[in-house]
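Chemist: Take a look and give me a structure for this.
(one chain, ligands or ions: 1)
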Amino acid sequence: MLYPEVNASRSVISLDGLWRFCLDDGSNEGTINNDFIKANAELIAVPASYNDQKDDLRYREHYGWAYYERELMIPANLSDCRLVLRFDAVTHACKVFIDGALVKEHKGGFLPFEIDLDGIAGAGERHLIQVAVDNRVSHSTLPVGNEEGTAFFGSDNADVPSVEAAKVWRKKRNLPNFDFFNYAGLNRSVRLCAMPREYIEDITLVPSIEDGEGYVSYSVSTVGEGAVTVDIIDREGCAVASAQGASGRIRIPGCHFWNPWPDDPYLYTAHVSFASDCYDERFGVRTVAVKGHDFLINGKPFFFKGFGKHEDSAIHGRGFDLAYAVKDMSLIHWLGANSFRTSHYPYAEEIYRLADEEGVVIIDETPAVGIGAGDKVDPYKTFDIREHHEDVIRDLVARDKNHPSVVMWSMGNEPDTEHFPESARDYWGSLYEFTHSLDPQDRPVTFVCCQNNYEKDLATREMDVVCINRYYGWYNLSGDMDAACHALNIELDFWQEVGKPLIMTEYGADTLPGFHLTTPEMFSEEFQVMYYDRINKEFDKRDFVIGEHPWNFADFNTIQGVYRADGNRKGLLTRDRRPKLAAHYFRERWNKIANFGYKR
Ligand code: E8X
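Modeler: Sure thing, here's the model as predicted:
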C-alpha cells in the first residue's frame, strides 16, 4: 500500500487533531448510539492512545469499545479526484461509520487501511466520521490475550479458593499475553487522500547487484487507461535512467549502494507516472542474503548492534510522535547501534522512512506476540488465529516491501514452541514458506523464540536466522553471572551445531536509574553493565552469534503486576530517553565494532 504523498497530482489533508471521544459503558457493543456519544463525549488528541490522556483509571482499565468522531469537510476543488480515507493504525479492531452507515470493519491494530469514498462522500460536502474501536485481546487476536487463563506477569496465579472465586466475580478485563501496555485508539494519523481517478495503485521495487552494477526491477499496478513511465532520480535530483511499461528491469549507471550508517545510505527515487497521476517512491540498492553463519548485506557479513524497541512514550502511549522518532534515530547513532527490531508489532510508516534515510537496519515484526496457552492446550490446533496471522503478514509485506532498511521479517515473538513442538513446527514452518512467497525481495524470514527447552523446540531451527530471547542471570540464575554464563554456553553449544546464524534478540535486566552500588546486584545500574559485559564476552567467542539486541532500547509502560514497578525497566535509556550507565557501556563497545566483518 502506497504511503500518502503530496505531489503534482496528489494531495493529502490531515484529519489529526482533536476528536470527540467516549468510552463505551458496555451497553452499545460497537454500534453507534448518538445520544450516548453526545452525553459522554470529551475531546481527545489524535494520533495518540486514549489511555493516558485523561486522569481517570477508567481510561487505563477500559475493556471493550470506545468511540471517536469528527466532521469531515471535503474541499470543493477536489471534485475531479478519487478520494480515500486512510487510517494508519487503529488499535486493535474497529468499525468506521460515515453519516451513521458502516463503511469499513478492520481487525489488527498496527497496519494501515483505506476506504475509497466513491459513492460515500464527495467534494464540497460535509460528513460525520465515527470510529468504534475495540481494545479487546484474546486467543484469536494479535497480540494475544488470555480469555480465562492467567495474566502474563499478573499477580492472580494463586491456587486459592477465594482468589479463584474473585476472578470469576470481577468484571471482564484484558489479560494480555504480552508485556507491554495494551494502549488503544487512533494511534496513528488519519488522512484524506486525493488522487486522479485513474491512478497508480501500487509500486514494487526489487534491487539487485550484479558484477558491481546496480539494477532495480519494478512493477506498477494501475487503475484506468494509460502508459507507465519510470524515471530513476539520484540524490542530486538528476534522472539517471528510465523505462516505459508496467514492469521491467532498469540498470542504474554508476549506482551508489545503500549501506547502513555510518556508511552512506544512498537513496534513489523512482518517479512513476501514469495517466495524470504520479508517485515518488524512495528506494535503495542493496542485497540481503543468509549464507552459512553469515547475514550478508551487499555481500558483506553484517553484525546486528541494536535492540528491541517499543512505540511508547509518556502521555502519547503508543501514539505516533514524530519528534520521538527523530530523537530515537539520533540516539541509535549516538549509541553506535545499526539496527532494531520492531518488537512486537509493525511501527508507524514514518519510522521506516526515517530508517531508510538514516541507514538503520530493521527486523520487521508482526503483532503475533504471545501465541500459547500453557502446557494443556495446543494453541495451534485450538484457536482461530491462522487466517488473521496470514492477513497481517500479507499486509505487512505489502506495506514495507520496498524499504531498504527492512532486511528480515519476524513473523512473531515468543510463541509456544515447547509444549506442542510438532504443531509449532508445522505452524511456523508453513508461515515461513508463506512469508517467503509474498516478499518480492525474498528477504530472510524468522520468528523470535522464548527462553524454554530449546532441545524440544523444532520450529526455531527451521528459520533462516535463529533469533532467541534469553534471560540467564535475570529471570533465572538471578544475579549469578558465573552460573548464567555457564548455562548460556551450554545452550550456545547446542545452537552452534544447528549451523545457522544466531541473533540474541533479547537479553536484559531491569534497572532503576540512579540506583548505584559498589557491589553490582540486581536492579542497580552497575549490575546492568556487568550483566551485559559478561554475556557479551561470551558472544565475542562465538562467530555464529551475528547480533546482539539488548532488551530494551528504553523503559516502557506495561500491565501492572508484582514484577513491574512503573513499567518494564530494562531500557538502556529511561522512558524519557536519558542514558543509564549501560547506554554508555554499549556506546563504547559498539563504536569499536564495525558493521561488517566483525569476528570474521
Ligand atoms: C521481559 C521481556 C518482555 O518485555 C518482552 O516483550 C518479551 C520478555 C521476557 C520473557 N520477552 O520480560 O522483559 C521471559 C522469559 C523468562 C524465562
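
Chemist: the helices in the stretch 51-200 of the chain, which residues?
Modeler: 57-61, 161-169 (DSSP state H, counting those that start in this stretch).

Chemist: can you list those in JSON lines and add mean neighbour count?
Modeler: Just so you know, the C-beta spots here come from the backbone N, C-alpha and C atoms, and that holds for glycine as well. Formatted as JSON lines, those follow (neighbours: other Cβ atoms under 10 Å):
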{"stretch": "helix 57-61", "mean neighbour count": "14"}
{"stretch": "helix 161-169", "mean neighbour count": "10"}
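
Chemist: Least confident of these, on average?
Modeler: Lowest mean pLDDT of the helices of the stretch 51-200 of the chain: helix 161-169, a mean of 83.

Chemist: Can I get that one as CSV, trimmed to CA atoms?
Modeler: This file holds the C-alpha atoms of helix 161-169, laid out as CSV (Å, rounded to 0.1, in the frame of the first residue of the first chain):
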residue,chain,number,x,y,z
PRO,A,161,-10.4,-20.7,46.5
SER,A,162,-11.2,-17.1,47.4
VAL,A,163,-8.9,-15.8,44.7
GLU,A,164,-10.4,-18.1,42.1
ALA,A,165,-13.9,-17.1,43.1
ALA,A,166,-12.9,-13.4,42.9
LYS,A,167,-11.5,-13.9,39.4
VAL,A,168,-14.9,-15.2,38.2
TRP,A,169,-16.7,-12.5,40.0
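
Chemist: and it, what other elements does it pack with?
Modeler: Judged by 3 or more Cβ pairs under 8 Å, 6 or more residues apart in numbering; DSSP states H and E, helix 161-169 is in contact with no other helix or strand.

Chemist: returning to that earlier point: can you say which of the helices of the stretch 51-200 of the chain is nearest to the ligand?
Modeler: Nearest to the ligand among the helices of the stretch 51-200 of the chain is helix 57-61; the distance by Cβ to the nearest ligand atom comes to 18.7 Å.

Chemist: ok now that closest one, how far from the chain's centre?
Modeler: The chain centre lies 25 Å from the centre of helix 57-61; the measure is Cα atoms, centre = their mean, to the nearest Å.

Chemist: go on, stretch 355-372?
Modeler: 5 Å.

Chemist: Run a quick neighbour tally on F544.
Modeler: Around F544 there are 19 other residues, counting by other Cβ atoms under 10 Å.

Chemist: What pLDDT is listed against the single nearest residue of the stretch 201-350 of the chain relative to the ligand?
Modeler: Relative to the ligand, the nearest point of the stretch 201-350 of the chain is H344 (5.9 Å; Cβ to the nearest ligand atom). Per-residue pLDDT puts H344 at 96.

Chemist: pLDDT below threshold where in the stretch 501-600 of the chain?
Modeler: For the stretch 501-600 of the chain, not a single residue meets the criterion pLDDT under 70.

Chemist: center of the protein - which residue?
Modeler: The chain has P346 as the residue nearest its centroid, 2.4 Å off, counting by Cα atoms, centre = their mean.

Chemist: Check for me that that residue belongs to a strand.
Modeler: No - using DSSP: H, G, I helix; E, B strand; the rest coil, the assignment for P346 is coil, not a strand.

Chemist: I figured it hits P112, correct?
Modeler: No - at 9.3 Å, P346 and P112 do not qualify as touching, with contact defined as Cβ atoms under 8 Å.

Chemist: Can you tell me which residues in the chain are near the ligand?
Modeler: Residues of the chain found near the ligand (Cβ under 6 Å from any ligand atom) are 179, 344, 414, 450-451, 469, 471, 475-476, 506, 551, 568, 570.
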